[in-house]
Every structure is written in C-alpha cells, then in structure tokens.
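Participant: quick check, what structure comes out for this input:
(chains A and B)
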Amino acid sequence: MPLFPIGNSYRRRNALISSGRAFLAACIFFIVIVLLALRTFAPGFLAHVATPVWQVGQAATDGLAGFANIFGNSSELTRERDTLQNENLTLAEENRLLRAQMEDLTRLTASSTVPSGIRAGVTARPPVAPYDTLLVGAGTNEGVTAGAYVYGPGGVPLGTVDGVSLNTSRIALYSTGGRTTDGWVGEKRIAITLVGRGAGAFEATLPRNSGIAVNDVVYAPGPGALPIGTIVKIDTDPSSPRDDIFIAPYVNLFSLTWVTIAR
Amino acid sequence: MRNVIAIVLALFAPLLFPWPLAAVIAFLVSCVLPPLGLLSGVVADTLYYTHAVGIPYATIAGALATCLGFLVHEFWRTRIMAA
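Facilitator: A predicted model of the protein is given here:
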C-alpha cells in the first residue's frame, strides 16, 4: 500500500469544495440573484408571498402565549384580572371625558386631529423586521400610494410609505436609525430636528436654557402638529452649548397591529 | 438532510424570528453551507429594506457571515477546529 495515495479518493478528500456542494452553492447563488432582481424590479412580491408565513407565525406566537397561560398561577391570574378590570374602568372613564373634550375642540377648530384613511393590518414589525420597518397588508388595490403619511392608534404619526405593491406596503418609520424629521417640542412649539434611534425612539439637540423639561410633549408634522412622544431624559454637558434630549414614543411598535395610511 | 434544514432555516428565519436571532441563525447555517449567510441577508433586505436606511446592512452582514462561515467550515472539515 503506498504511503501517499494518489488516486481519485485522495483528490476528492482534499478538494476545496466537492461537486455536490458546488452544485448546491451555485443553486443558492442563483436564488440570491433572483432575489436581488426581485428587489429591484418587483420589491413587493416577496412580501406578498411571505404574508401567509407571517400570519402563521403570529398565530403560533399567540397560541403559545395562550397555552403558557394555562400553567400560570390561578390566584395570581385572578388578581391580575381584577387589577386590569379596575384599570379598564378608570381608563374608560378617562376616555369618555377626553372624547367629550376632543369633540368640543373639534367643533371649535372645525377639524379632527385623528386623520381618516386606509386602515391596514401590520404583518411584520420590529423586532422581526430590522431597520424599523413595518409591512402592512394594504397596497395599490386599496389605494395606498408611495410617500403617504402613516398614523398609529390615536393618530400618532409613525412614518411614510416607502414601497407599495398590489396588496402590501413597506413603511419607513420616522424612528429609523439616522433618519431626520423636523418637529416641535413643548408648549412654545420650539422647532427641533428629530433623529431616529430605532425601536420608535428619537434624539435631538437643543440650545442650553431653552426651557424644555422632562415629560414635555414632542410633535411631528401631520395635518398640523401631532404628538409623537415625550422627553424622557435630558443630557447636559458643561462643555457643550447644547443639550441632548431623548424621546420615548407614545406607540409601542412591538405590539402594533393596525395603522392608518392617509389617502 | 442537514443541508435541507439549513436552507429552510436560512429562508424562514428572517420572516419568523427577531432579527438578532435571525442573524445568529444566518451565521450558524453559513457554517454548514457558506452561501446561506448571504442568502439570508438578501432575503431580509428584499423584505425589509427601505430607502430611509440607505445601506443594505443585512446583505453586507450576510456576505460577512458567508466569509466567516466558509473559514469555519473549512477549519472544521480539515479538523483544525475538531475537538
């Protein structure tokens, strides 16, 4: 038996990539090229194909959560239910009062702050979707157009439509990392530039002593100025003439199920 | 069979799992079959990329995962990383 075999098996063992693997790799690269072509020429097609998968995933998540609740402590669940019922009653009462106030104000200003438009269900949201992107199940068939404003519950501005296909739309949120949006802050409506930080949060800078405090409301452009969140932290550096402010959103993107797209 | 599972994971992870977990899965499957990292990244960008982002990070990360996966795969195959 030779010390160093020089047959076929020797070559096969030391080949960088075997023929079967090379074929598989070629197939994968072909799929990659097809996907890149889809991204360029039909950006909404894959989202349309993936919608049933997202729906099954959402249903599975909800089902698992319900199943896990079966094993929860019953007394703890009862206590939690009572607390939620009380909170619900309180909130319903507050809601009734606020609705009455809003109707008064609407009559006064002859316009509603909650925009009307196309209601669309969210099929993919952060953290599944990176880049702070939402995918919704409404497209050109429902009248959605690129660049349209998108609002969350209560008319909170969320972003704009970036791409539309027949039945799906891709929404770029204002809070996308690095995206800048002009807005206002506080009762005096001081103009600021909001910079997205991802996950719905924003940051901005303001001159020192501008009179802004934590819990001040931040507004984004919509029909007028619409509240988008509140200031949660102000960082002051003695060596800088400006303060860094951090803004938490009103809408929790991770549990968002419906949005309204302006016509 | 292992390759089939890796391909299915690479295709479906960006649809079903939070993106940090999908990124970990993309790296792991690229150790099994290196081009799958790139495939996973391209799937993620085809679904979620918007012009507001500017740079297709998922595709770039997928390409990096493919390079790393290729190295790990070859080290493993030549027993450099074997226990």
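Participant: can you list the residues of chain A near chain B?
Facilitator: Residues of chain A lying near chain B by C-beta under 8 Å from any C-beta of the partner chain: A:16, A:21, A:24-25, A:28-29, A:31-32, A:35-36, A:38-39, A:43, A:46-47, A:50, A:53-54, A:57, A:124, A:126-131, A:133, A:135, A:162-163, A:170-172, A:176-179. Heads up, the C-betas are built off the backbone N, CA and C, glycines and all.
Participant: can you turn the buried part of those into a ChimeraX selection?
Facilitator: Selection of buried members from the residues of chain A next to chain B for ChimeraX, criterion 16 or more other C-beta atoms under 10 Å in any protein chain shown:
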select /A:21,24,25,28,31,32,35,38,39,43,46,47,50,54,57,124,126,127,128,129,130,131,133,135,162,163,170,171,172,176,177,179
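Participant: the residues of chain A next to chain B in helices, which ones?
Facilitator: Among those, the members found in helices (DSSP state H) are A:21, A:24-25, A:28-29, A:31-32, A:35-36, A:38-39, A:46-47, A:50, A:53-54, A:57.
Participant: mind listing the strands for the stretch 51-200 of chain A?
Facilitator: According to DSSP state E, counting those that start in this stretch, the stretch 51-200 of chain A carries its strands in the segments A:118-124, A:133-136, A:149-151, A:157-164, A:169-173, A:180-185, A:190-198.
Participant: okay, these, which one's buried deepest?
Facilitator: Comparing the strands of the stretch 51-200 of chain A by mean neighbour count (mean count of other C-beta atoms under 10 Å in any protein chain shown), strand A:169-173 comes out on top with a mean of 28.
Participant: what's the angle from that strand to strand A:157-164?
Facilitator: Compare the direction of strand A:169-173 with that of strand A:157-164 by axes from the mean of the first three to the mean of the last three C-alpha atoms, to 10 degrees and you get 140 degrees.
Participant: which residues touch strand A:169-173?
Facilitator: If you take C-beta atoms under 8 Å, 6 or more residues apart in numbering or on different chains as the criterion, strand A:169-173 is touched by A:43-44, A:47, A:120, A:131-136, A:138-139, A:144, A:150, A:158-164, A:179, A:196, A:200, A:253, A:259, A:261, B:48, B:50-53.
Participant: now swap in stretch A:116-124 and tell me
Facilitator: Residues contacting stretch A:116-124 (C-beta under 8 Å, 6+ apart): A:47, A:50-51, A:54-55, A:58, A:133-138, A:142-144, A:148, A:151, A:168-169, A:256-263, B:15, B:47-48.
Participant: which of those residues count as buried?
Facilitator: A:47, A:50-51, A:54, A:58, A:133-138, A:142, A:144, A:148, A:151, A:168-169, A:256, A:259-262, B:15, B:47-48.
Participant: for chain A, which spans come out with low pLDDT?
Facilitator: Residues of chain A meeting the criterion pLDDT under 70: A:1-18, A:69, A:71-72, A:103-104, A:106-115.
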